[in-house]
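Asks: fold the following for me, if possible:
(one chain, ligands or ions: 2)
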Amino acid sequence: MDSNCIFCRIIAGDIPSSKVYEDEYVYAFRDINPQAPVHILVCPKEHIACADAVNAENSVHVAKIFEAIAKIAKAEGLTNGYRVINNCGEDGGQTVMHLHFHIIGGIKLGEKIL
Ligand code: 5GP
Ligand code: ZN
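Replies: Ligands and ions are numbered 1, 2, ... in the order given. Alright, predicted model coming up:
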């Protein structure tokens, strides 16, 4: 828990969020500024700053995130697909330095990333 980190504070319940899923490793909630009908952020409960900080010691959290993503997508009815996005670092457009994966769906997305 990093008390300066907004997502750690959301996970701890200090800041309210619209939770969609939680387990021992993972916390997921709706993005405050949704870019599609379904826009969910999936985070490790442990503070990991970004994808670049994933290593052999903490990669179990990433595996658990992807197990959760499949469950959340089913629960949200995303039967025809969805996009998972991770922004890493300044050039990657990351604005909150707590690892998170965006689930974007509920609409037919374009094939381009940029
Ligand atoms: P990033 O740009 O770091 O990949 O994504 C950060 C995301 O967090 C953005 O889509 C932004 O809308 C979302 N976000 C930032 N602050 C909050 C918050 O306090 N609550 C929620 N639910 N989402 C937030
Ligand atoms: Zn954090």
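Asks: which strands and helices sit next to the helix of greatest length in the chain?
Replies: Longest helix in the chain, counting residues (DSSP state H): helix 59-75. Applying 3 or more Cβ pairs under 8 Å, 6 or more residues apart in numbering; DSSP states H and E, one finds that helix 59-75 contacts strand 19-22, strand 26-30, strand 38-44, strand 101-105. Using the backbone N, CA and C atoms, a C-beta is placed for each residue, glycine as well.
Asks: pick out the residue closest to the middle of the protein.
Replies: In the chain, the C-alpha closest to the average C-alpha coordinate belongs to residue 42, at a distance of 2.4 Å (Cα atoms, centre = their mean).
Asks: bridged to it, which residues?
Replies: For residue 42, the beta-bridge assignment (DSSP bridges) gives partners residue 28, residue 101.
Asks: that one contacts residue 23, correct?
Replies: No. If you go by Cβ atoms under 8 Å, residue 42 and residue 23 don't touch, sitting 11.0 Å apart.
Asks: could you tell me which residues touch both of those two?
Replies: Common contact partners of residue 42 and residue 23 (Cβ atoms under 8 Å, 6 or more residues apart in numbering): residue 68.
Asks: before we move on, back to that, turn the helices and strands packed on helix 59-75 into TSV, columns for mean pLDDT and distance to ligand 1.
Replies: As requested, those are exported to TSV (pLDDT from 0 to 100; distance: least, Cβ to the nearest ligand atom, whole Å):
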stretch	mean pLDDT	distance to ligand 1
strand 19-22	98	10
strand 26-30	98	5
strand 38-44	98	6
strand 101-105	98	6
